[in-house]
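# Show me the folded form of this:
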Amino acid sequence: MLRSVEQRPVTGSDKDPRVVELRSAVSRLRRELAAHPAEFPDRDIAEEELAALDAMAAGGAPEIPHLRRSLLLIAGAIGSVSALARGLSQVREAVDLFGEPPRR
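I've put the predicted structure just below:
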């Protein structure tokens, strides 16, 4: 039986690989943020938005505009903390896997 072009390849589970990547990147950045010793004014915002991203991804099919909004808030909150730049970049790349939101 031939597989439709629109079907995703089976990767050992029925989970969307984009969701798996997003959850993994968010988890890494959450651990890095928790281990980061310095306090900064918007740390709570970053922690809340990372939790929101994880919850969206856990739901299965996150909405692109919400993903991008959370990413912008996280970037604004921790963008100046160079020790977290790599983790933030990985989250951005994972969000980018979902594509661009539709234009209005």
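
# The closest residue to residue 24 other than its chain neighbours: helix or strand, and which one exactly?
In space, and not counting its chain neighbours, residue 24 is closest to residue 94: 7.5 Å by C-beta to C-beta, 6 or more residues apart in numbering. To be clear about C-beta, it is placed using only N, CA and C from the backbone, and glycine gets the same treatment. Following DSSP states H and E, the helix or strand that holds residue 94 is helix 85-96.

# Mind giving me the packing neighbours of that helix?
Helix 85-96 is packed against helix 17-35, helix 64-78, with contacts defined by 3 or more C-beta pairs under 8 Å, 6 or more residues apart in numbering; DSSP states H and E.

# Relative to residue 44, which of these is closest?
Taking C-beta to C-beta as the criterion, residue 44 comes closest to helix 64-78 out of the helices and strands packed on helix 85-96, the separation being 8.3 Å.

# Counting by contacts, list what that closest one packs against.
Partner elements for helix 64-78 (3+ C-beta pairs under 8 Å, 6+ apart): helix 17-35, helix 43-58, helix 85-96.

# Among those, which comes closest to residue 77?
Evaluated with C-beta to C-beta, the helices and strands packed on helix 64-78 place helix 43-58 nearest to residue 77, the distance being 3.9 Å.

# Now do the buried residues in the closest one.
With burial defined by 16 or more other C-beta atoms under 10 Å, the residues of helix 43-58 counted as buried are 46-47, 49-50, 52-54, 56-57.
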